[in-house]
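S.K.: the following block contains a protein sequence and its predicted model.
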Amino acid sequence: MADETAVREDLRSRVAAFLADHDPAGTDPLEFLRARYDAGLAWVSFPEGHGGLGLPQALQADVDRLFQEAGAPDNRRRANTIGLGMAAPTILAYGTEEQKRRFLRPLWTGEEIWCQLFSEPGAGSDLANVGTRAVRDGDDWVVNGQKVWTSGAHGARFAILVARTDPGVPKHAGLTYFLCDMTDPGVEVRPLRQITGEAEFNEVFLTDVRIPDAHRLGAEGLGWRVANATLNNERVAIGGRAAARESGMVGVVADTWRSHPERRTPELHDRLLRLWGGSEVARLTGLRLRQKLAQGQPGPEGAAMKLSFARLNQQLSGLELELLGEDGLRYSDWTMVRPEQVDMTGRDAGYRYLRAKGNSIEGGTSEILRNIVAERVLGLPPEPRVDKDVPWKELEK
């Protein structure tokens, strides 16, 4: 405990010294963020030289709070959730030193936004069944295929990409993971307009896109292993965020309940209490998961958190419409826009109800995640695998 206290005090001193030399009010925001990264105060758990100090991840919240209280500039965190929550930890785990030096700093500062090229029209949550091909041509890979449901692709500079490099082996074994420049020739991004009216998602067509072998992440043929590291981080990022009590959707619905006493009934009251309790359990479980993450790497428990997040959001948004009555049927704006981020709590009830339907699809469908929870958390017998000649445990290593 004494050692932990000393580490925390030393970290606070580092932040104070940094702020004394870099006044947030008088320093260019980008230069401030670059300097913070170079000082190891970006991701404190990352190694020195890559935005961190090699400290426990649990200390990150202290650092972020101190910078927020000082009025430090934001690094476009909400717009770059895929980069910060998924690409960065995967690059750290599997990238070469050159890749870490090239990509991590501008990723953290928000200079380069990232998206995810995983899902395909014929392979959504069945990632191992992707058909996008990458063929070696000298020092490059030539990529052809189509990706879909790509959040933020219209504003992204880079993408994490899984492609099939060997169609002659069982499907899990023939994948390779790449870092794709979204500005390269042959990359075409088209908007997908959603039921909400906006187009935060896209479909991406890859036509003879040349990716240098230096942008391959991990060994050829080990894309399934690398992708699983990304997916574990994704589910934690979606379902395991730190949250205050009565924040998010449950807070919105609770406020609606308080402001519309004329709509209250015993049945609606019972549903609200059950959902409030479920949200609090989920919040506390998320805190426990984050504490566990501080001691190591994310595991399949993140899938359970993401499942809970999707179910609660959908049930709460439905309850909100019932509480609002006919007012809940109004929809303020159907203009087709391509937003930088999702704003669930800043829009009207109709938007929340429609947008929440996607929560059980994005980041892995609820059906797939139930299989993960059953097999890898509860230890239930797995479903028969198509690739019987490849040991499943070997593919997951």
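M.R.: Yep, that arrived. Here the structure is a predicted model, which means the values were calculated and not measured. Numbering: from 1, shown residues only.
S.K.: just how off-centre is stretch 65-80 within its chain?
M.R.: Centre-to-centre, stretch 65-80 and its host chain are 18 Å apart (C-alpha atoms, centre = their mean, to the nearest Å).
S.K.: now the helices for the stretch 51-200 of the chain?
M.R.: Chain-ordered helices for the stretch 51-200 of the chain, with DSSP state H, counting those that start in this stretch as the definition, fall at 60-69, 81-82, 88-94, 97-109.
S.K.: check which helices and strands the longest one sits against.
M.R.: With contacts defined as 3 or more C-beta pairs under 8 Å, 6 or more residues apart in numbering; DSSP states H and E, the secondary structure elements packing on helix 97-109 are helix 29-38, helix 88-94. Backbone N, C-alpha and C define where each C-beta goes, glycine included.
S.K.: tell me which of the ones you listed sits most buried.
M.R.: A comparison of the helices and strands packed on helix 97-109 by mean neighbour count, using mean count of other C-beta atoms under 10 Å, puts helix 88-94 on top with a mean of 21.
S.K.: from the contact counts, what lies against it?
M.R.: Applying 3+ C-beta pairs under 8 Å, 6+ apart, one finds that helix 88-94 contacts helix 97-109, strand 175-181, strand 216-217, helix 223-239.
S.K.: and the shortest one, which strands flank it?
M.R.: So the one you mean is strand 216-217. Taking DSSP bridges as the criterion, strand 216-217 sits next to strand 175-181 (antiparallel) in its sheet.
S.K.: taking helix 97-109 as reference, get the angle to the partner strand.
M.R.: Note on geometry: by axes from the mean of the first three to the mean of the last three C-alpha atoms, to 10 degrees, strand 175-181 and helix 97-109 are set 60 degrees apart in direction.
S.K.: closest one to residue 315 among the helices of the stretch 51-200 of the chain?
M.R.: With distances scored as C-beta to C-beta, the stretch of the helices of the stretch 51-200 of the chain nearest to residue 315 is helix 81-82 (23.5 Å).
S.K.: give the phi and psi angles for residue 206, as a check.
M.R.: With angles defined as degrees, to the nearest 10, residue 206 sits at phi -110, psi 110.
S.K.: measure it to residue 373 for me?
M.R.: From residue 206 across to residue 373, the span is 33 Å (C-beta to C-beta, to the nearest Å).
S.K.: which of those two has more residues huddled nearby?
M.R.: More neighbours surround residue 206 than the other of residue 206 and residue 373, with 24 against 18 (other C-beta atoms under 10 Å).
S.K.: any idea what the more buried one is bridged to?
M.R.: Going by DSSP bridges, residue 206 is paired in beta bridges with residue 145, residue 187.
S.K.: quick one: it and residue 133 touch, right?
M.R.: No. Here residue 206 lies out of contact with residue 133, judged by C-beta atoms under 8 Å, at a distance of 9.3 Å.
S.K.: quick check, pLDDT for residue 58.
M.R.: Model confidence at residue 58, given as pLDDT, is 81.
S.K.: many thanks, have a good one.
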